[in-house]
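1. Fold the following for me, if possible:
(one chain, ligands or ions: 2)
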Amino acid sequence: MGTDTMHVEIIRNTLARHRAEPTRLLQILRDVQDHFHQIPSFAMPVIAEETGVPIAQVRGVTEFYSFLSTAKQGRFHLLVSDSISDHLLGSRDIAAYLSQKLGVAIGQTRPDERVSVDYTSCTGLCDQGPAGLVNGHWIPHLTHARIDRIADLIERDIALSEWPEELFLVDDNIHKHGLLLNSELPLGAALRKGLQQGADATLAAIEKSGLRGRGGAGFPTAGKWRFCRQEAGEHIVVCNADEGEPGTFKDRVLLNQYAHGVFEGMTICAATIGANKGFLYLRGEYRHLRPQLEAILNTRREQQLLGADIVGQAGFDFDIEIHLGAGAYICGEESALIESLEGKRGVPRNRPPYPVTSGYLGKPTVVNNVETFLAAALITLHGGEWFAVHGTGKSCGTKILSICGDCANPGIYEYPFGVTIREILQDCGAENTQGIQVGGPSGTFIGANEFNRTLAFEDLATGGSFIVFDQTRNVLEIARNFTHFFAHESCGFCTPCRVGTSLLRNLLDKICDGHGTAGDMLELSRLATQIKHASHCGLGQTASNPVLSTLERFPEIYQAHLKTTTFEPGFNLDKALETSRRLTGRDDAQAHLETEGM
Ligand SMILES: Cc1cc2nc3c(=O)[nH]c(=O)nc-3n(C[C@H](O)[C@H](O)[C@H](O)COP(=O)(O)O)c2cc1C
Ligand code: SF4
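-> Numbering: from 1, shown residues only. Ligands and ions are numbered 1, 2, ... in the order given. As a prediction, this is how the structure comes out:
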């Protein structure tokens, strides 16, 4: 068999494993990428033909997701997290060392195709950075010494499966257990109770508990399930484990230690709304967890907690499939996530209709966060009151936080809603704190005079991200990192966000680099407001938050960075000619334009 025929055969086998289902396109492409370290051009027509998907869609999906590439990547593909918490821990220096040690520029593949190095937005290891991924697998605590070991393994061409286990070891770092993290959930107990009491009683308990979605927006969970249940036809349950918000990693820990509870919550939801099919959408960075999650699903099948006639209830059939993302933050947005589950680019849909009426393949779909499902399972077991007595009037129960940044003990903490920021800072060992980013880049940056504020939907809402910055940190650099993140992660569907986030990034770069003027400040706030109001989805609507919340609280820091001139063009012609100078090998005075004083 010739090489080409052999390669096509490999693609066909991959397709067969996925039954060539169009909805599994992303999963198929992930497997092809793993095998060939790229999506080879010859693969696209074969995939298109066998799945029946237009080749433009195969190409479009390939181009959309960061972890897929038409260019050849190294057999060892290393990504360093570019998240702000990793920056604080020296990730830029680590990436430079990695690049120098392996003799490959960042963003490039070495000519021998053995290794490539690049940045990635966030690895979800903010409490143990600087962190990276090698062929999608976590490598926490990157130091020069660890990089020396990794480089040695790569140069000796040792297969990843033979690398020392301890290089991949990730800690859960749970520092404060609360209502959810302390609760025992005997296998199947909550599900049995749910089935015994019936869907109406389960819904009533969840309603009474006051549970609101833990993914950020805080929509009442009972309401969501009830709306979906009212719709006719086949229903779907989706667990959103995309967790892409930098600074959020609590779902990673929940899936590592509490997955039975999460799956039980999904199954209770299925029994309540009448669903037969469920998906766990697992962010690509968490692929390490997949084998153990599959094993847990198998145990639950063996125990009759999944599959046909669950716990002996005739006609209650439900199962859960794991779908792996591929490095796109926007896929956390529920309608983009559904598009991705259907094998498409993760572009947010127009709403209405909402997923509860028209979700996966147009079917009524409940999408909930990992923590929401875990809470729903425990509420079903213990009753609504058990949960509702904790928290505040509009925010019942507890919230699990992922804390990172400038504090002695980064990790996971569970608090009743209503806890003050000051108390959290004391617990995690934060000193000389300048400010905190609550709710990740899309949330709010608060300063030291606001530490009496509380964590609650009626005050500071959060999906779980809590990043601490001490007095040594530069607020402008923080806003800059977040703005770069949004410009990178914008899905490009609508102009205000696609163009706006790039303009915002460029403007902030100009100010941070000391070229900003008073006019740029005005433009910054005008543009930020425009993006917020004109964007199609939550990403664009919150992308300006880092700029707006720091501008409001720290105008003097922005002012201090301004040039005295009233105008300086944003486009630097001399800088733009840098590539030409490099190509022609010239860097003498005459190869430069006189820019000073212009
Ligand atoms: C850009 C963007 C990213 C999001 N990422 C996540 C995520 O990673 N996990 C999550 O549960 N919700 C995320 N959400 C919110 C979801 O769209 C949705 O509201 C949530 O999954 C619903 O679950 P809940 O009701 O349990 O909170 C994101 C929203 C936006 C706009
Ligand atoms: S706001 Fe941004 S992420 Fe959302 S649809 Fe528009 S371009 Fe895509």
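
2. For the stretch 401-550 of the chain, just list every one of the helices.
-> In the stretch 401-550 of the chain, the helices defined using DSSP state H, counting those that start in this stretch lie at 421-428, 475-489, 495-512, 518-534, 538-542, 545-553.

3. how many other residues sit next to the residue of the stretch 151-300 of the chain found nearest ligand 1?
-> Per C-beta to the nearest ligand atom, G213 is where the stretch 151-300 of the chain lies closest to ligand 1, at 2.0 Å. Just so you know, the C-beta spots here come from the backbone N, C-alpha and C atoms, and that holds for glycine as well. For G213, the count of nearby residues is 21 (other C-beta atoms under 10 Å).

4. and the nearest residue in space to it that is not next to it in sequence, backbone torsions?
-> Once flanking residues are discounted, G213 sits nearest to F219: 4.8 Å by C-beta to C-beta, 6 or more residues apart in numbering. Backbone torsions of F219, given as degrees, to the nearest 10, read phi -70, psi 140.

5. any idea how far G440 is from whichever residue of the stretch 401-550 of the chain sits closest to ligand 1?
-> Residue of the stretch 401-550 of the chain nearest ligand 1, by C-beta to the nearest ligand atom: G538 (2.5 Å). Per C-beta to C-beta, to the nearest Å, G538 is found 12 Å from G440.

6. Between the two, which has more neighbouring residues?
-> G440 (29 against 18).

7. Could I get the pLDDT score of the more buried one?
-> Looking at G440, its pLDDT reads 93.

8. ok, it touching G463?
-> Yes - counting by C-beta atoms under 8 Å, G463 is a contact partner of G440 at 6.7 Å.

9. Find residues that contact each of these two.
-> Listed contacts common to G440 and G463 are E245, T248; contacts here mean C-beta atoms under 8 Å, 6 or more residues apart in numbering.

10. Next up, the contacts around the closest residue to R349 other than its chain neighbours.
-> Among residues not flanking R349 along the chain, S335 sits closest, at 3.9 Å (C-beta to C-beta, 6+ apart). By C-beta under 8 Å, 6+ apart, the contact list for S335 reads P348, R349, R351, P355, C537.

11. Derive a ChimeraX selection command for the buried subset of those.
-> Selection of buried members from the contacts of S335 for ChimeraX, criterion 16 or more other C-beta atoms under 10 Å:
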select :348,349,355,537
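
12. Between which two of the contacts of S335 is the distance greatest?
-> Greatest spacing in the contacts of S335, by C-beta to C-beta: P355 and C537 (13.2 Å).

13. re the thing from before, would you format the helices of the stretch 401-550 of the chain as JSON lines with mean pLDDT included?
-> Converted to JSON lines, the helices of the stretch 401-550 of the chain look like this (pLDDT from 0 to 100):
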{"stretch": "helix 421-428", "mean pLDDT": "98"}
{"stretch": "helix 475-489", "mean pLDDT": "95"}
{"stretch": "helix 495-512", "mean pLDDT": "95"}
{"stretch": "helix 518-534", "mean pLDDT": "92"}
{"stretch": "helix 538-542", "mean pLDDT": "97"}
{"stretch": "helix 545-553", "mean pLDDT": "92"}
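
14. so can I have a markdown table of these showing distance to ligand 2?
-> Listed next are the helices of the stretch 401-550 of the chain as a markdown table, based on distance: least, C-beta to the nearest ligand atom, whole Å:
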| stretch | distance to ligand 2 |
| --- | --- |
| helix 421-428 | 29 |
| helix 475-489 | 7 |
| helix 495-512 | 3 |
| helix 518-534 | 8 |
| helix 538-542 | 3 |
| helix 545-553 | 13 |
